[in-house]
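Trainee: requesting a structural model of the entry that follows:
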Amino acid sequence: METYHEKLGKTTIDPGVLTNIAKLTSLSASGVSKMATGPHSVGSLFKKNYSDGVKIEVENNTVYIELYLVLKSNADLLKTSRTVQQKVSRAITEMVGMEIGHVNVHIEDIDYQNE
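Mentor: Take a look at the predicted model:
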């Protein structure tokens, strides 16, 4: 039996991948209606690593996440935000193996129209 030794290369993950994971995971949580537009300033429109209600910062293999959400009117705000934090943290950790620094949830609005 022969043993082959191969050198492993480098794996990089685009912040857009992390953004998509965070967004889709957030939207899957009960009580979340949609992603909000995010911080309300002209400067935020041009910020790097911000897209669709998700801001991602990566430093030393640790991910820092800011989520801007619109919740359904019948949602328990605190319970829903904690559920989103747990689900997003778990998804990033399990899917890409990176550590979570924080997952901050910003409830930007309540959706009364879909009730």
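Trainee: tell me the helix or strand right after the worst-scoring helix or strand of the chain on mean pLDDT.
Mentor: Within the chain, no helix or strand scores below strand 50-51, which has a mean of 73 by mean pLDDT, DSSP states H and E. Downstream of strand 50-51, the next assigned helix or strand under DSSP states H and E is strand 54-59.
Trainee: so what strands line up beside the very next helix or strand once past that next one?
Mentor: Proceeding N to C from strand 54-59, the next assigned helix or strand is strand 62-72, under DSSP H and E. According to DSSP bridges, strand 62-72 forms sheet pairs with strand 32-35 (antiparallel), strand 54-59 (antiparallel), strand 99-111 (parallel).
Trainee: got the buried residues for strand 62-72?
Mentor: Within strand 62-72, the residues scored as buried using 16 or more other C-beta atoms under 10 Å are 63, 65-72. In this view, the C-beta of every residue, glycine as well, is placed from N, C-alpha and C.
Trainee: pLDDT below threshold where in this protein?
Mentor: 1-6, 39-50, 114-115 (pLDDT under 70).
Trainee: mind naming the longest helix for it?
Mentor: helix 77-96 (DSSP state H).
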